[in-house]
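Chemist: below: sequence and its predicted model.
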Amino acid sequence: MDRVRSQFSRISLLVGLLAISGCYEPEPKPLIIGEMPPLVLPPAEAPPAQHRLVGRSVQGRPIMIQILGDGDDTVLVMATIHGNEPAGTPLVNSLTGYLRNNRSLLEGRRIVLMPVANPDGFAAGTRENIRRIDLNRNFEAANRVNDETNGFRPLSEPESRALQSVIKEYSPSRIVSIHQPLTCIDYDGPGRTLAARMAQYCDLPLKKLGAKPGSLGSYTGESLGIATITVELPAEASKQSEQALWDKYGRALLAAILFPQHPL
């Protein structure tokens with residue numbers, strides 16, 4: 001037994017010396033995804049998000065953004081451009097609170113958050129805005145189709161004009177738009193690597209759906225070359241609590257914020 005222990009010690013010493021000398025490289029550790037930190041409301045002394053009115057809907061409802069951080073790396077996270085796909089709104093609100101509680105994540109970054117891109121549709125529970133225009137087909141993309149659903153001209157709607165103005169002013173390097181109910185992570189433009197990273201942190205599979213005519217992804221991803229991610233939550237996500245949504249999808253959003261770094 002003593003001889004076995006002695007041989008094991010010599011082998012351990014040899015492996016250690018090889019590692020020091022650079023001749024031996026251990027296998028990389030697999031990515032381990034831990035439990036999502038609980039969502040905690042930011043304390044009163046936490047620096048508030050900067051709120052901005054960037055436009056109004058057809059019915060006059062405000063279209064608001066919140067800005068956190070002032071770094072060069074800008075990320076736009078938005079939800080509910082389709083009013084009957086509302087689960088993304090509490091998820092964006094949760095992200096805002098989490099970032100306010102963890103200000104170190106904002107170093108070198110600026111996060112622009114739009115919780116409700118289609119406030120009239122959100123209030124009415126309809127996919128389109130109040131004029132029955134699909135806002136996610138109303139952009140001036142090369143593949144757009146002019147008709148009564150997409151609008152007879154690009155940016156015919158005040159809501160899509162407000163969103164375009166935000167994109168032009170803040171020049172995000174990546175955009176995340178939260179939808180329902182296709183249960184996947186889609187991408188447009190140079191977004192595949194980012195989409196694959198986000199898929200590592202949730203149960204949504206990576207799936208290329210294709211750029212739809214006049215969509216935000218067609219405009220920002222294909223025409224402007226911005227990595228654009230569409231997070232398609234399941235239909236039943238609308239019935240889940242804000243905390244449950246955060247537990248399930250919050251880390252994927254943090255992966256987009258921190259990219260190319262991994263969330264903690």
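Modeler: Great, that's in hand. Note that the structure is predicted; figures quoted are calculated from it, not measured.
Chemist: only C-alpha atoms for contact and neighbour calcs from this point on.
Modeler: Will do.
Chemist: quick check: which ranges of the protein have low pLDDT?
Modeler: Low-confidence segments of the chain, defined by pLDDT under 70, are located at 1-48.
Chemist: surely Val92 forms part of a helix?
Modeler: Yes - following the definition DSSP: H, G, I helix; E, B strand; the rest coil, Val92 is counted among the residues of a helix.
Chemist: list the contacts for it?
Modeler: Val77, Met78, Ala79, Leu113, Met114, Pro115 (CA atoms under 8 Å, 6 or more residues apart in numbering).
Chemist: most neighbours of all those, which one?
Modeler: Greatest neighbour count in the contacts of Val92, by other CA atoms under 10 Å, goes to Ala79: 28 neighbours.
Chemist: circling back to that earlier point, give me the subset of the contacts of Val92 lying in strands.
Modeler: Under the assignment DSSP state E, the contacts of Val92 contribute Val77, Met78, Ala79, Leu113, Met114 to strands.
Chemist: now do the helices in this structure.
Modeler: Assigned by DSSP state H, the chain shows helices spanning 2-21, 88-101, 119-124, 158-170, 192-199, 216, 242-258.
Chemist: ok, and for the third one, which residues are buried?
Modeler: Neighbour-count burial for helix 119-124, counted by 16 or more other CA atoms under 10 Å, picks out Pro119, Asp120, Gly121, Phe122.
Chemist: circling back to that earlier point, which of the helices of the chain sits most buried?
Modeler: The highest mean neighbour count among the helices of the chain, using mean count of other CA atoms under 10 Å, belongs to helix 216: a mean of 29.
Chemist: can you list contacts of it?
Modeler: When contacts are taken as CA under 8 Å, 6+ apart, the neighbours of helix 216 outside the stretch itself are Asn136, Arg137, Phe139, Ala141.
Chemist: in contact with the second one, which residues are there?
Modeler: Which is Arg137. Applying CA under 8 Å, 6+ apart, one finds that Arg137 lies in contact with Arg144, Thr149, Asn150, Gly151, Lys212, Pro213, Gly214, Ser215, Leu216.
Chemist: what's the closest of those to Asn93?
Modeler: For these, the minimum distance to Asn93 (CA to CA) is 21.3 Å, reached by Leu216.
Chemist: rewinding a little: closest to Leu233 out of the ones in strands among the contacts of Val92?
Modeler: Nearest to Leu233 among those: Ala79, at 11.1 Å, using CA to CA.
Chemist: quick check: that closest one touching Val112?
Modeler: No - using CA atoms under 8 Å, Ala79 makes no contact with Val112, being 11.8 Å away.
Chemist: as a markdown table, the contacts of Val92 with distance to Arg132 would be great.
Modeler: Compiled in a markdown table, the contacts of Val92 are given as follows (distance: CA to CA, whole Å):
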| residue | distance to Arg132 |
| --- | --- |
| Val77 | 24 |
| Met78 | 21 |
| Ala79 | 18 |
| Leu113 | 25 |
| Met114 | 21 |
| Pro115 | 21 |
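Chemist: of these, closest to Gln180?
Modeler: Minimum distance to Gln180 across those is 10.0 Å, recorded for Ala79 (CA to CA).
Chemist: contacts only, for the closest one.
Modeler: Contacts were defined as CA under 8 Å, 6+ apart; by that measure Ala79 touches Pro86, Gly88, Thr89, Val92, Met114, Pro115, Val116, Ala117, Ser177, Ile178, His179.
Chemist: do Asp70 as well
Modeler: Asp70 sits next to Leu106, Gly108, Arg109, Arg110 when contact means CA under 8 Å, 6+ apart.
Chemist: ok, 6 Å please
Modeler: For Asp70, the contact set (CA atoms under 6 Å, 6 or more residues apart in numbering) comprises Arg110.
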